[in-house]
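Trainee: sequence plus the predicted model coming up.
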Amino acid sequence: MKYEKFKTIDRVEDGLLQHLGLVKESVRIIKLDNYPDFDISGYDRHTERQYVFKDYWSFSREYAALSNASVNYSGVFHYDDIVRLSKEYEISFSSGVSEEEVLNQIRCLHDDLMFQDSIESEFDGFKLNDIKIERIDQFAKKVLFIGGYSGGYSEIQPDDWNIYIEIFLSGFVSGNSPGTFYVDLIAESYALKESGNTKLAYFIAFSALENFTNERLGAHDQEGRLKGKFSDLFRKRFISTERHQIYTSIVGEYDFLESVRHQIAHGNPGATVDRALVDQLILFVLVVMSSIDNGESTFDDLRSKIDVHL
């Protein structure tokens, strides 16, 4: 397999991030506030109608940035059912413990909790519509949701039930250990890219390559061009680079990628950086990291390693 074909693998970045252990995956249940956005939905106390609601969940305690998120299931739990399930699974539901916490503890013991134990999404004049991720705000560290339902006045603020979703999350955990600053830089690059600041995202991604190279060489205080250090990194890791398919395939891209970095650094108004170019650089950085840290020398080998994550 050649580099150009490797680039076309579906979700190749996700596979590399998981293979490198740069992201953590989790599934959790989140309780949503279904109070309507009346600017969108309007309001009539006396009739049933379609309502749209918005809510968010903060990931600041768990992730530096998210690389992927999706809603698996949505449903409704009655309070009495949560009490029953807590007893069934011997989960403490004492004062100060939220329904959401209890459901997440139960889910650790019962993967299909949302699918099997939430009640039907249509009952007593209430019907839950789709709930989806509206957007991810990487800087406020929030996942914003939008959903809808049909119902009457009593469904706007129900007394004994709530809407819950099960969400899949994949994201960067801050590199707290020494020598892992490049992880934070990659996470920041992703966040900047999603916010539309592609030039700064590109610059930060290139800084991640520089930090990783210097870390692996122990060369932070050594003078010299990064390109020379980049080549030294592969020569130090592998006996020969002449037949190293990954190195010989990507080294030709280096000059172009570095030239874009320099244009940004020098404030060149002609520097054009779109999402595709940021993705090209991030993929380059991840391939370098994987080859150096995991010893892959061919794209077939690298493909076999990331396939298990896709």
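Mentor: Looks like it came in fine. Numbers count the residues shown, from 1 in each chain.
Trainee: list the buried ones in stretch 171-188?
Mentor: Gly171, Phe172, Val173, Gly175, Tyr182, Val183, Asp184, Leu185, Ile186, Ala187, Glu188 (16 or more other C-beta atoms under 10 Å). C-beta here means a position set from N, CA and C on the backbone, and glycine is covered the same way.
Trainee: nope, stretch 50-60 is what I meant
Mentor: By neighbour count on 16+ other C-beta under 10 Å, the buried set for stretch 50-60 is Tyr51, Val52, Phe53, Lys54, Asp55, Tyr56, Trp57, Phe59.
Trainee: try stretch 111-131
Mentor: Leu113, Met114, Asp117, Ser118, Ser121, Phe126, Lys127, Leu128, Ile131.
Trainee: stretch 231-238 now?
Mentor: Ser231, Asp232, Leu233, Phe234, Arg237, Phe238.
Trainee: need the per-residue pLDDT for the first one.
Mentor: Confidence at Ser231, expressed as pLDDT, is 94.
Trainee: correct me if wrong: it contacts Val251.
Mentor: Yes - under the criterion of C-beta atoms under 8 Å, Ser231 makes contact with Val251 at 7.3 Å.
Trainee: now stretch 113-124: mean pLDDT?
Mentor: Stretch 113-124 shows a mean pLDDT of 86.
Trainee: in helices only, show me the buried residues of stretch 231-238.
Mentor: In this view, the buried residues of stretch 231-238 that belong to helices under DSSP state H are Ser231, Asp232, Leu233, Phe234, Arg237.
Trainee: where exactly do the strands run in the stretch 51-200 of the chain?
Mentor: For the stretch 51-200 of the chain, the strands defined by DSSP state E, counting those that start in this stretch occupy 65-78, 122-123, 126-137, 142-151, 161-172.
Trainee: adding distance to Ile29, write those out as a markdown table.
Mentor: As requested, the strands of the stretch 51-200 of the chain are arranged in a markdown table below (distance: least, C-beta to C-beta, whole Å):
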| stretch | distance to Ile29 |
| --- | --- |
| strand 65-78 | 9 |
| strand 122-123 | 20 |
| strand 126-137 | 13 |
| strand 142-151 | 13 |
| strand 161-172 | 5 |
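Trainee: how about these, which one is nearest Leu277?
Mentor: Across those, Leu277 has its closest neighbour in strand 65-78 (18.3 Å, C-beta to C-beta).
Trainee: show me what that closest one is packed against.
Mentor: Counting contacts by 3 or more C-beta pairs under 8 Å, 6 or more residues apart in numbering; DSSP states H and E, strand 65-78 packs against helix 12-19, helix 113-117, strand 126-137, strand 142-151, strand 161-172, helix 181-195.
Trainee: which helices and strands sit right next to the third one?
Mentor: Using 3+ C-beta pairs under 8 Å, 6+ apart as the contact test, the elements touching strand 126-137 are strand 49-58, strand 65-78, strand 142-151, strand 161-172.
Trainee: go with 6 Å
Mentor: Packing contacts for strand 126-137, counted by 3 or more C-beta pairs under 6 Å, 6 or more residues apart in numbering; DSSP states H and E, involve strand 65-78, strand 142-151.
Trainee: residues contacting the most centrally placed residue in the chain?
Mentor: Geometric centre of the chain, nearest residue: Ser67, 2.1 Å, by C-alpha atoms, centre = their mean. Counting by C-beta atoms under 6 Å, 6 or more residues apart in numbering, Ser67 touches Val23, Ser170, Gly171.
Trainee: looking at the buried residues of stretch 111-131, which is nearest Ala208?
Mentor: Nearest to Ala208 among these, counting by C-beta to C-beta, is Ile131 at 34.5 Å.
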